[in-house]
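*Asks:* Quick check, what structure comes out for this input:
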Amino acid sequence: MATFIALAALVLIFIYFILKAKQKRKLFNEAVSMEVNYLFQDRPGQYSGDYRTKSGVFVFRTESKDEALKNLVIKAVKPSHPALLVNLEQIVVVPFEKKKEGNSDVSVRFKLLKKKGELSTLEGKGIRVSGVLNFGKTKPKTFSTVLKIGELYQSKDPLDQTT
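*Replies:* Numbers count the residues shown, from 1 in each chain. Now for the predicted structure:
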């Protein structure tokens with residue numbers, strides 16, 4: 001009987017955490033639209049000075065769907081592929097309050113670990129992003145979501161494109 005109660009309690013706790021995760025993902029999807037693109041460095045060692053290390057950036061293109069959303073704070077970025085390493089040295093803030101039109105792009109650097117495999121493209125790989133959504137008059141809400149990495153990053157500014 002005690003085994004059954006303990007097992008039932010574990011199942012209920014497991015269900016609670018699944019529902020909580022779905023709720024956080026739903027809150028994020030209702031408040032923000034986010035795409036993740038990537039860009040490899042042009043030359044090895046370009047950013048780090050280590051010519052054996054290949055690295056690049058993830059570019060998060062975000063747009064607010066909720067007028068009450070002041071900003072989004074990214075606290076952790078975890079790619080699903082073991083060859084990718086992201087070390088956030090500080091949080092990343094995406095402001096929405098003053099930017100009423102368009103989207104906001106922020107970038108996060110990553111390293112490609114050769115020991116874990118070689119990658120030529122990151123399209124379709126998963127990336128977990130977690131942080132906080134800050135609304136105007138309500139308390140901050142935490143979020144955690146998994147996104148698919150899109151294509152290579154290209155600026156969508158018409159001035160940057162050649163004809």
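
*Asks:* Going by C-alpha atoms from here, please, whenever you check contacts or count neighbours.
*Replies:* Noted.

*Asks:* So the residue lying closest to Pro79 once chain neighbours are set aside, which state does it fall into?
*Replies:* Setting aside the residues directly before and after it, Pro79 is nearest to Ile127 in space (C-alpha to C-alpha, 6 or more residues apart in numbering), at 4.1 Å. Of the three states, Ile127 takes strand under DSSP: H, G, I helix; E, B strand; the rest coil.

*Asks:* Verify the contact between Ile127 and Ser144 for me.
*Replies:* No - taking contacts as C-alpha atoms under 8 Å, Ile127 lies outside contact range of Ser144: 10.6 Å.

*Asks:* Of these two, which one has the most company?
*Replies:* Using other C-alpha atoms under 10 Å, the more surrounded residue of Ile127 and Ser144 is Ser144, with 22 against 18.

*Asks:* May I see the buried residues of the helix or strand encompassing the more buried one?
*Replies:* Element membership for Ser144 (DSSP states H and E) is strand 141-152. Within strand 141-152, the residues that count as buried by 16 or more other C-alpha atoms under 10 Å are 142-145, 147-150, 152.

*Asks:* what packs against it?
*Replies:* helix 2-31, strand 32-40, strand 126-135 (3 or more C-alpha pairs under 8 Å, 6 or more residues apart in numbering; DSSP states H and E).

*Asks:* With distance to Lys78 and mean pLDDT as extra columns, can I get these in TSV?
*Replies:* Below are these laid out as TSV (distance: least, C-alpha to C-alpha, whole Å; pLDDT from 0 to 100):
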stretch	distance to Lys78	mean pLDDT
helix 2-31	16	86
strand 32-40	13	89
strand 126-135	5	92
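
*Asks:* Now distance to Glu63 too, for the ones you listed, in CSV please.
*Replies:* Formatted as CSV, these follow (distance: least, C-alpha to C-alpha, whole Å):
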stretch, distance to Glu63
helix 2-31, 9
strand 32-40, 5
strand 126-135, 13
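
*Asks:* Nice, that's everything, thank you.
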